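Chemist: Could you work out the structure for the sequence below:
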Amino acid sequence: MLKPQQLLSSIAEWTLIASLALVPLFFLPFTQDFYDTNKWLLLVFAAVVLLVVTGLRAAAAGDLTVTLSPLVIGLASLTAASLVSLFTASTNRWEALLAPMGTTSFAALTLILLLGSHTLSASVKRLLLSIIEAVAAIAAGIAILQFFGLAALAGLTRVTGLTFLSDPLWTPIGSSVALVVVLVMMLPLVGEQVLIEAKKKTPLAITLGFVAALITTALGVTLWKMIPLIATSFLPLSDAWALTLEVLKNPRQALTGVGAENFIAAFTTGRTAALNTNAFLGLRFNLNATFLFHMITTFGFIGLGAAMLFLKSLLPRLQPLTASSISLIIAVAALLLLPPNLTILTAIIAVWLITNPCQDYQKTFRLPAHRKAVRYGVPAVFVIAAAVTLYGVGRAYAAELTFFRSLAAASRNKGTETYNLQIQTIGYNPFIARYHLIYSQTNLAIASAITQGGTANQPKTLTDQDRQTVTTLIQQSIREAKIATQLAPANVFMWENLARIYQS
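Modeler: Okay, here's the model as predicted:
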């Protein structure tokens, strides 16, 4: 039977493995965004578990063990830059905290590595490598099935009602670009293992060879479908540079950016004329063209410095050139050339952990036994921080779940259910502008439904109660639209909605 400290170490170890290895495949069709929202939740939950485990272990052992690796320092610098931007640039701190490329994401990844990476032994790293290879194989297999439309042929779309399964580019990773990057990163690692096992003449060489073939095939079919869409799917680098320069014209924004939640505002302000005269007309992007451009735009020069430190921590030694070195070079290239993505970041971190000696960066701090306030105060801070985070994230996620239920009710034309669910959503989290935007539209739609009916010769007769209800709904619609503009004053969607409400 495991001792308490061994049990806690084992929990930390498996939490780290699960969070990093399963993020690529993890999605839930119960929120408006199936992918980033739920991957973000998994990482935050893992960080909360590690906070609790670390606090309990510190209380029991009387010491605190952390990993101060270059990667942890790089992620911590991104967390610090996002915090500075959060308090100096963000107009809605709740939305900034919940953004996939915001403070909470970077803080969760930092804590996961700071508190968990020293628990990984060599054998566990081999296990983690096997798991992420299996995850890559599953993602590749799904990509091939989707390319040939086998899900639709099997009737899964009709039986389950999951319409996204009919998309030939659908992937649980959430993005074809992220799928390609993950598969390309994994290919050198799998190929190296194939050669090693082939020299040993073990049966595992055949299995790994099949995985390599599966990944290669998935890359081919995904690129075949994706390449024709690239021209209209990515913000051109020239336009990305132009809008980044527009942000840098403002001294305050140049230092701390526009905030994690305000990229759409920066895009609207810095949008070039070319984007209004070609295939991008009407399109709005939520992310900049590359990781570095996005960090500059949202977190300013402080974010750029942090991003450079993070990229530096990823750069491998080129002598000797190994499969892991090639994978990390591919990872850095992806960050330099492609928009930021939570799955790509997680996959990069997993590969770095597998190929670097985390124990070399392990630091242990003794908690003085004669000072009870320190001995038990430090663990208590960890547990309290975990509880506060879990409460806040729990309410935010409950709001997302309820909001999605309201959208499902609206699609079934159940106005009263939609209305009540959206009230619950705002009750859980009143700080999200899009909740108020949709609620304002729901009020207006219900008011319109009450007044409609009858014929041209005999219009519908409204009772005094109907008139009072319609008046109340219209007032609520205007009020909620105004609240949305107050919560996101730089977001053009909110002002467009308010204008439509007044026009109606």
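Chemist: And for Thr469, nearest residue in space, chain neighbours not counted?
Modeler: Ile450 (6.3 Å; CB to CB, 6 or more residues apart in numbering). Every residue, glycine included, has its C-beta placed from N, CA and C.
Chemist: Any idea how many residues pack against that neighbour?
Modeler: Using other CB atoms under 10 Å, Ile450 is surrounded by 16 other residues.
Chemist: for Ala499, same thing?
Modeler: 11.
Chemist: pLDDT score for it?
Modeler: For Ala499, the model assigns a pLDDT of 92.
Chemist: my read is it is in a helix, agree?
Modeler: Yes: counting by DSSP: H, G, I helix; E, B strand; the rest coil, Ala499 is located in a helix.
Chemist: before we move on, the earlier item: for the residue nearest to Thr469, give me its contacts.
Modeler: Residues in contact with Ile450, defined by CB atoms under 8 Å, 6 or more residues apart in numbering, are Leu462, Asp466, Thr469, Val470, Leu473.
Chemist: tell me the SS of the first one?
Modeler: This means Leu462. When classified by three-state DSSP, Leu462 comes out as coil.
Chemist: residues touching the closest residue in space to Cys358 that isn't next to it in sequence, list them.
Modeler: By the measure of CB to CB, 6+ apart, the closest residue to Cys358 outside its immediate chain neighbours is Ser117, 4.4 Å from it. By CB under 8 Å, 6+ apart, the contact set of Ser117 is Leu16, Thr67, Ser69, Val72, Leu353, Cys358.
Chemist: next one: Val194
Modeler: Val194 touches Ala205, Leu208, Gly209, Ala212, counting by CB under 8 Å, 6+ apart.
Chemist: Any chance of the residues you listed in JSON lines with secondary structure, pLDDT and neighbour count as columns?
Modeler: Formatted as JSON lines, those follow (DSSP: H, G, I helix; E, B strand; the rest coil; pLDDT from 0 to 100; neighbours: other CB atoms under 10 Å):
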{"residue": "Ala205", "secondary structure": "helix", "pLDDT": "87", "neighbour count": "17"}
{"residue": "Leu208", "secondary structure": "helix", "pLDDT": "89", "neighbour count": "24"}
{"residue": "Gly209", "secondary structure": "helix", "pLDDT": "91", "neighbour count": "16"}
{"residue": "Ala212", "secondary structure": "helix", "pLDDT": "92", "neighbour count": "21"}
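Chemist: which of these lies closest to Phe267?
Modeler: Of all those, Ala212 has the smallest distance to Phe267: 39.5 Å, by CB to CB.
Chemist: so that closest one touches Gly191, yeah?
Modeler: Yes: with contact defined as CB atoms under 8 Å, Ala212 reaches Gly191; the gap is 5.8 Å.
Chemist: what's the pLDDT at Glu13?
Modeler: So, for Glu13, pLDDT stands at 83.
Chemist: Not counting residues beside it along the chain, what's closest to it?
Modeler: That would be Thr119: by CB to CB, 6+ apart, it lies 4.3 Å from Glu13.
Chemist: For the one you found, list the residues it contacts.
Modeler: Ser9, Ala12, Glu13, Leu16.
Chemist: wait, the first one sits on Thr54?
Modeler: In this case it means Ser9. No: using CB under 8 Å, Ser9 makes no contact with Thr54, being 10.2 Å away.
Chemist: Look at the two and report which has more neighbours.
Modeler: Thr54 (24 against 19).
Chemist: Please report how far the more buried one lies from Ala46.
Modeler: Counting by CB to CB, to the nearest Å, the separation of Thr54 from Ala46 is 12 Å.
Chemist: go on, Thr91?
Modeler: 30 Å.
Chemist: More neighbours: these two, which one.
Modeler: Between Thr91 and Ala46, counted using other CB under 10 Å, Ala46 has the larger neighbour count: 25 against 18.
Chemist: Go through the host helix or strand of that one and flag the buried ones.
Modeler: Per DSSP states H and E: Ala46 is located in helix 36-61. Across helix 36-61, burial judged by 16 or more other CB atoms under 10 Å covers 36-59, 61.
Chemist: Now intersect the contacts of Ser117 with the strands, please.
Modeler: Thr67 (DSSP state E).
Chemist: a markdown table for the contacts of Ser117, including pLDDT?
Modeler: Shown next, in a markdown table, are the contacts of Ser117 (pLDDT from 0 to 100):
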| residue | pLDDT |
| --- | --- |
| Leu16 | 87 |
| Thr67 | 88 |
| Ser69 | 90 |
| Val72 | 93 |
| Leu353 | 88 |
| Cys358 | 76 |
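Chemist: and the contacts of Ser117 as CSV, adding neighbour count and distance to Ala387?
Modeler: Shown next, in CSV, are these (neighbours: other CB atoms under 10 Å; distance: CB to CB, whole Å):
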residue, neighbour count, distance to Ala387
Leu16, 25, 21
Thr67, 21, 24
Ser69, 23, 28
Val72, 23, 24
Leu353, 24, 28
Cys358, 21, 28
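Chemist: Okay, and which of the contacts of Ser117 map to helices?
Modeler: Using DSSP state H, the subset of these located in helices is Leu16, Val72, Leu353.
Chemist: residue ranges with poor pLDDT in the stretch 201-350 of the chain?
Modeler: Applying pLDDT under 70 to the stretch 201-350 of the chain picks out residues 277-282, 317-319.
Chemist: show me where it has helices.
Modeler: Per DSSP state H, counting those that start in this stretch, the stretch 201-350 of the chain carries helices over the ranges 204-226, 230-233, 237-248, 251-256, 263-270, 291-314, 323-337, 342-355.
Chemist: List the buried residues of stretch 136-155.
Modeler: For stretch 136-155, a neighbour-count test (16+ other CB under 10 Å) marks Ala136, Ala137, Ala139, Ala140, Ile142, Ala143, Leu145, Gln146, Phe147, Ala151, Ala152 as buried.
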